[in-house]
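*Asks:* generate a structure from the sequence data that follows.
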Amino acid sequence: MVNKSEIESYIYPLAPIPTSLSPQGGIGTRIACILFDIYGTLFISGAGEPGLAGNKKHAYPKIQTIFIKYGVSADVAQMMGRLEARILSAHHDLKKQGVDYPEIRIEDIWMEMIGIDDPETVRTFAVEFELAVNPVFPMPHVKELLLALAAKNIILGIISNAQFFTPYLFKWFLGGYPETLGFSSDLLFYSFQHGYAKPSEYLFTLALQKLREKQIEAQRILYVGNDMRNDILPAQNSGMHTALFAGDRRSLRLRENDPCCRDLSADIIVTDLLQLLDHL
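*Replies:* Okay, here's the model as predicted:
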């Protein structure tokens, strides 16, 4: 694990930017399990999620400093272009193998590209790079919500696009890994571990299989996410109830121009995580 002391210079408070949406909707079913997205839902995310395509020029000075620290002699802009191309190539190869929405392991990609053979050094490099381009901070009331759900004996899990460092966020910011914060260890589905990313339904199918072993069917599950295509669509297709988290303009993805989302709506909209308690 990368210690918090190694990355403290990248951590600073972030506050959500309000959206124009208001809380609404209802469920009408007793919920036994809540599954969460991470980036943009439980944690404020400057980029939306790890590896999200977009303009990262604002982070170039920090990236250059990281390159110097690790002895990477490359132009930042050129390396960013090579990184995007390498990820797209890996996705292409996985799609040929039948993976509808592929996910890579970012440490494997970096090891190929920066000429460092030591896995732990590469992982630390990858964490610093990620925090430089995608600053994160807990959403308001995360801890309070988890404590309240534990008191209600709600089973908790995660289905999220993620990389190896994603579980570290809980340790760094909330004081413990998900398993020690109330999440069931057998209900943690991270994209990098399975090679599938949302909006694929693959991770949702795995979660449903595990929950059926606990005698919990889809109609008693609530999935919470900030993205209509990546979160609400696959969750609804899997038969789950859905909550759109619309508490931060940075990461809210309504996908209004996406044909898959035009007639799509979540069961409920919440603008503060604690509002979920009103529906349980």
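
*Asks:* now Val224: closest residue in space, sequence neighbours ignored.
*Replies:* Here the nearest residue to Val224 in space, its sequence neighbours aside, is Ala243; by CB to CB, 6 or more residues apart in numbering that works out to 4.5 Å. In short, each C-beta sits where N, CA and C put it, glycine included.

*Asks:* host element of the nearest residue to Phe183 once chain neighbours are set aside?
*Replies:* The shortest distance from Phe183 to any non-neighbouring residue, by CB to CB, 6+ apart, is to Leu156 (4.6 Å). When secondary structure is defined using DSSP states H and E, the element that contains Leu156 is strand 155-160.

*Asks:* mind checking the pLDDT average for that strand?
*Replies:* The average pLDDT for strand 155-160 rounds to 98.

*Asks:* now it, how far from the chain's geometric center?
*Replies:* Per CA atoms, centre = their mean, to the nearest Å, the displacement of strand 155-160 from the mean C-alpha position of its chain is 11 Å.

*Asks:* quick one: strands adjacent to it?
*Replies:* Listed by DSSP bridges, the sheet partners of strand 155-160 and their directions read strand 33-36 (parallel), strand 183-190 (parallel).

*Asks:* which residues touch that strand?
*Replies:* Applying CB atoms under 8 Å, 6 or more residues apart in numbering, the external contacts of strand 155-160 come out as 32-39, 49, 146, 149-150, 166, 178, 182-184, 187-191, 198, 203-204, 207, 211, 214, 216, 223.

*Asks:* list the residues that contact the residue nearest to Tyr70 when sequence neighbours are not counted.
*Replies:* The spatially closest residue to Tyr70, leaving aside those adjacent along the chain, is Phe125, at 5.1 Å (CB to CB, 6+ apart). Under the criterion of CB under 8 Å, 6+ apart, the contact partners of Phe125 comprise Ile66, Tyr70, Val72, Trp110, Ile114, Ile116.

*Asks:* okay, and the first one sits in which element?
*Replies:* Assigned by DSSP H and E, Ile66 belongs to helix 60-69.

*Asks:* low-confidence regions, this protein specifically.
*Replies:* Within the chain, the stretches with pLDDT under 70 are 1, 48-55.

*Asks:* and the helices in it, which stretches?
*Replies:* Assigned helices in the chain, in chain order: 60-69, 76-96, 106-114, 119-133, 142-151, 166-174, 191-194, 202-212, 233-237 (criterion: DSSP state H).

*Asks:* next, the buried residues of the longest one.
*Replies:* Within helix 76-96, the residues that count as buried by 16 or more other CB atoms under 10 Å are Val76, Met79, Met80, Leu83, Ile87, Ala90, His91, Leu94.

*Asks:* can these go into TSV with extra columns for distance to Glu8?
*Replies:* Below are these laid out as TSV (distance: CB to CB, whole Å):
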residue	distance to Glu8
Val76	23
Met79	25
Met80	25
Leu83	25
Ile87	28
Ala90	31
His91	33
Leu94	35
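
*Asks:* for Ala126, what are its contacts?
*Replies:* Counting by CB under 8 Å, 6+ apart, Ala126 makes contact with Ile106, Glu107, Trp110, Gln163, Phe164, Phe165.

*Asks:* and this protein, what are its domains?
*Replies:* 4-49+136-279, 57-133 (automatic domain parsing).

*Asks:* which residues touch stretch 14-25?
*Replies:* For stretch 14-25, the surrounding residues in contact (CB under 8 Å, 6+ apart) are 44, 46, 135-137, 139-140, 244, 246-250, 252, 266-272, 275.

*Asks:* swap the cut-off to 10 Å and go again
*Replies:* Judged by CB atoms under 10 Å, 6 or more residues apart in numbering, the contacts made with stretch 14-25 from elsewhere in the structure are 40, 43-46, 135-140, 226, 241-252, 254, 265-272, 275, 278-279.

*Asks:* Produce a ChimeraX select command limited to the buried residues of those residues.
*Replies:* For the buried members of the contacts of stretch 14-25, the matching ChimeraX selection, counting by 16+ other CB under 10 Å, is:
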select :40,43,44,45,46,135,136,137,138,139,140,226,241,242,243,244,245,246,247,248,251,252,254,266,267,268,269,270,271,272,275,279
